[in-house]
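1. What follows is a protein structure lacking sequence information:
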């Protein structure tokens, strides 16, 4: 499946580097900044990534809970965060 629109973002680059059952660790620019919401988490599910750990926040928690996607984060927020991260 092709990457979603805006698939050139650092987040999507990291998603594409992860293999099935890998756990993605994302550093945020702050604990209250979102690293993603339902669309990004849908891509993680499509890639069969095993989970996400972040020191930031996530959006769209109802959808993420419904996905059953293992997510460990600082908090939840409605605020969209900036896309500033380093891909290794």
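-> In hand now; what should we look at? Just so we're clear, the structure is a prediction, and the values are computed from it rather than from any experiment. Residues are numbered from 1 along each chain as shown.
2. how about the residue nearest the centre of the chain, secondary structure?
-> Centroid-nearest residue in the chain, with C-alpha atoms, centre = their mean: residue 36, separated by 4.7 Å. Three-state call for residue 36 (DSSP: H, G, I helix; E, B strand; the rest coil): coil.
3. Which residue ranges of the protein form strands?
-> 23-26, 51-54, 57-58, 71-72, 75-76 (DSSP state E).
4. could the ones you listed go into TSV alongside mean pLDDT and distance to residue 40?
-> In this view, the C-beta of every residue, glycine as well, is placed from N, C-alpha and C. Formatted as TSV, the strands of the chain follow (pLDDT from 0 to 100; distance: least, C-beta to C-beta, whole Å):
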stretch	mean pLDDT	distance to residue 40
strand 23-26	94	10
strand 51-54	96	9
strand 57-58	94	9
strand 71-72	96	11
strand 75-76	93	14
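5. Pick the most deeply packed of the ones you listed.
-> strand 57-58 (a mean of 24; mean count of other C-beta atoms under 10 Å).
6. What lies in contact with that strand?
-> Residues outside strand 57-58 that contact it (C-beta atoms under 8 Å, 6 or more residues apart in numbering) are 28, 31-37, 41, 52, 64, 71, 73-77, 79, 81.
7. And stretch 20-38, by the same measure?
-> Stretch 20-38 is contacted from outside by 11, 14-15, 18, 44, 47-60, 63-64, 67, 70, 73-75, 77, 79-82, 84-86, using C-beta under 8 Å, 6+ apart.
8. which of these are buried?
-> By neighbour count, with 16 or more other C-beta atoms under 10 Å, the contacts of stretch 20-38 hold 11, 14-15, 18, 44, 47, 49, 52, 54-60, 64, 73-74, 77, 81, 85 as buried.
9. which residues of this protein score low on pLDDT?
-> Within the chain, the segments meeting pLDDT under 70 span 1-8, 80-88.
10. where do the helices sit along it?
-> Taking DSSP state H as the test, the helices found in the chain are 10-17, 38-46, 61-67.
11. and the nearest residue to residue 63 once chain neighbours are set aside, how many residues sit next to it?
-> Among residues not flanking residue 63 along the chain, residue 38 sits closest, at 3.9 Å (C-beta to C-beta, 6 or more residues apart in numbering). The number of residues packed near residue 38 is 16, by other C-beta atoms under 10 Å.
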